[in-house]
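Asks: Mind folding the following:
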Amino acid sequence: MAIDWQRTVALARLDLAEVTRSRWLYFCGGLYAVMAALFVLIGLRESTVLGFTGMGRVLLSLTHALVLLLPLLALTATGQVVNRAQDDGTLELLFSHPLSRSEYFAGITGVRYALLLLPLVALMVLVALLGRALFGSAVPWSFLVRSLAACAGLLWAYTGLGLAVSVLVRNQAKAVMLLLALWVTGVVLLDFALIGLMLQWRLNAPTVFVLAALNPVEAARLALLSAAEPSLSTLGPVGFYLANRLGAGWLLVAGVGWPVLVGLAAWIVARERFVREDLV
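Replies: Okay, here's the model as predicted:
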């Protein structure tokens, strides 16, 4: 069934009103602002003592913290959209009108992803401009663009995963547990598993890179790190291999492209299940 974009926009506005009523948008924006203020005020003030080099380092630290936070925000924003609407009868009411499931799914996807991404873009640009105005620090625009691209890819990966959980897991309590498991696995457990494999079998550099980059969080980290330090000397032999074989450009492509593919695959699975399965 073809999508009517007027109906999709109407459904998106309905979901936007729901998000606004729940105050989740204000919480997300406030959390971004608090983190940005802390990194700018503390990071720039301590830069002369600790050897930091201004706004570039502040943005690098902020984005590395966001890499851990963004998956959790995306999962909480999307992980209970569909199953909650099923339980409270919203879907039954909506689809008693001439609306298609594809239009509803496109509407909630667009609203949730835009509300996660747009405040982040505005805040990162504002932080850079405030650092320049208040502290006279030059704005590293190329690094800022690369950081936003990596964050946008990571947000899309976990938006798709969250929607997949929302569609595939009807029970909301089980969905919450699965969302937390996804977040912990992405930010912590896979690192420990990779370190354990390296210690046990002494894996070579290409294998370590492939295993690490399969995790969207690690792929985004590599893209950010390559933007700040193209030599990747802090990663040891793996960094030497990546800097000489791939370079910063391909690491950025991998750090943005792989999370986008993960999110797209999860979104397609969720959409097909949502369109074809019984929702009542």
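
Asks: For the stretch 151-280 of the chain, give me the ranges with low pLDDT.
Replies: Applying pLDDT under 70 to the stretch 151-280 of the chain flags the ranges 189-206, 208-209, 227-244, 246, 279-280.

Asks: pLDDT of the host helix or strand of Asp15, averaged?
Replies: If you go by DSSP states H and E, Asp15 is part of helix 5-22. For helix 5-22, mean pLDDT rounds to 84.

Asks: helices or strands next to it in the packing?
Replies: Using 3 or more Cβ pairs under 8 Å, 6 or more residues apart in numbering; DSSP states H and E, the elements in contact with helix 5-22 are helix 101-135. In this view, the C-beta of every residue, glycine as well, is placed from N, C-alpha and C.

Asks: which element follows the helix it packs on toward the C-terminus?
Replies: Defined by DSSP H and E, the subsequent element after helix 101-135 is helix 141-168.

Asks: Only the buried residues of that next one, if you could.
Replies: 143-144, 146-168 (16 or more other Cβ atoms under 10 Å).

Asks: roughly how far apart are the nearest residue to Val165 once chain neighbours are set aside and Ala265?
Replies: Nearest residue to Val165, sequence neighbours excluded (Cβ to Cβ, 6 or more residues apart in numbering): Gly79, at 5.0 Å. Distance check for Gly79 against Ala265: by Cβ to Cβ, to the nearest Å, it reads 17 Å.

Asks: the more surrounded of the two?
Replies: Of the pair Gly79 and Ala265, Gly79 is the one with more neighbours under other Cβ atoms under 10 Å, namely 27 against 14.

Asks: Over to the more buried one: give its phi and psi.
Replies: Backbone torsions for Gly79, taken as degrees, to the nearest 10, come to phi -70, psi -10.

Asks: And the host helix or strand of Pro259, how far out from the chain middle?
Replies: Pro259 belongs to helix 247-276 when assigned by DSSP H and E. Centroid separation for helix 247-276 versus its chain: 11 Å, with Cα atoms, centre = their mean, to the nearest Å.
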